[in-house]
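Asker: Show me the folded form of this:
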Amino acid sequence: MTQTPNIPPFIESDEREYRDSGVPSTVAIAGHPLHPLIVTFPIAFLTGALGTDLGYWLTQDPFWARASVWLLGSGLLTGLLAAGTGMMDFLKIDRVKKHSAGWIHAVGNIAGLFLSLINWVLRLNDPAGAVFPLGIILSTVVAALLGITGWFGAELIYRHKVAVIGYSSRHEP
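Answerer: Sure, this is the predicted structure:
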């Protein structure tokens, strides 16, 4: 006799969804979803900008301020790519839109990219002068946002089984 797993009441899911095999990503190469792979880059770059801001704060070495500009720019470019792949899944997979986790993940990441753009533009002409106070505040807010949106992205993957496999002709999104 097979036992049904106990599903905590706070999970936004019914038992059938919890037990199904998942919904494939609409953006994949050789069966591998791209969004979970690509997001590692903007996360690393944009949280790294907080680290280099702290490095500048502790040392006053302009190298760290310039490094923040480069990390913010790289985070924006890779973030746009990650946003594109994520938005394709968001628009094409109904299960993502059904859960608040999908909306929090999408809106929070858009906000993070917008704040990063402001942070980057403020630093273009004077990298060191823009670190305090606004630059480091924006970097901290973005790093916190990425932690929150990453949590909800994981909710989509692990609890709601969205984009756990690449798209193939055998699966319908």
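Asker: pLDDT averaged over the top helix by length along the chain - what is it?
Answerer: With secondary structure taken from DSSP state H, the chain has its longest helix at helix 62-92. Taken as a whole, helix 62-92 carries a mean pLDDT of 97.
Asker: Packing partners of that helix?
Answerer: If contacts are counted by 3 or more CB pairs under 8 Å, 6 or more residues apart in numbering; DSSP states H and E, helix 62-92 sits against helix 35-38, helix 40-59, helix 94-98, helix 100-123. All C-beta spots, glycine's among them, are computed from the backbone N, C-alpha and C.
Asker: So what's the gap between the first one and the chain middle?
Answerer: Averaged C-alpha coordinates place helix 35-38 at 9 Å from its chain's average position (CA atoms, centre = their mean, to the nearest Å).
Asker: Please point out which parts of that helix sit buried.
Answerer: 35-36, 38 (16 or more other CB atoms under 10 Å).
Asker: Other residues contacting that helix?
Answerer: 25, 27, 78, 81-82, 85-86, 89, 153, 157, 163 (CB atoms under 8 Å, 6 or more residues apart in numbering).
Asker: Return that helix as CSV; C-alpha atoms alone will do.
Answerer: Extracted in CSV, the C-alpha atoms of helix 35-38 (Å, rounded to 0.1, in the frame of the first residue of the first chain):
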residue,chain,number,x,y,z
HIS,A,35,16.6,30.1,-17.2
PRO,A,36,17.9,28.3,-14.1
LEU,A,37,21.3,28.2,-15.7
ILE,A,38,21.5,31.9,-16.8
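Asker: Could I get the average pLDDT for it?
Answerer: Averaged across helix 35-38, pLDDT comes to 93.
Asker: ok, back up a step: a markdown table please, covering the helices and strands packed on helix 62-92 and showing distance to residue 138.
Answerer: Below are these laid out as a markdown table (distance: least, CB to CB, whole Å):
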| stretch | distance to residue 138 |
| --- | --- |
| helix 35-38 | 23 |
| helix 40-59 | 9 |
| helix 94-98 | 28 |
| helix 100-123 | 4 |
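Asker: out of these, nearest to residue 133?
Answerer: helix 40-59 (10.3 Å; CB to CB).
Asker: Tell me the helices and strands packed up against that closest one.
Answerer: Using 3+ CB pairs under 8 Å, 6+ apart: helix 40-59 touches helix 62-92, helix 100-123, helix 136-154.
Asker: Okay, buried residues for it please.
Answerer: Result for helix 40-59 [16+ other CB under 10 Å]: buried residues 41-43, 45-50, 52-56.
Asker: And stretch 22-32, by the same measure?
Answerer: By 16+ other CB under 10 Å, the buried positions in stretch 22-32 come out as 23-28.
Asker: between those, which is nearest residue 103?
Answerer: residue 23 (16.5 Å).
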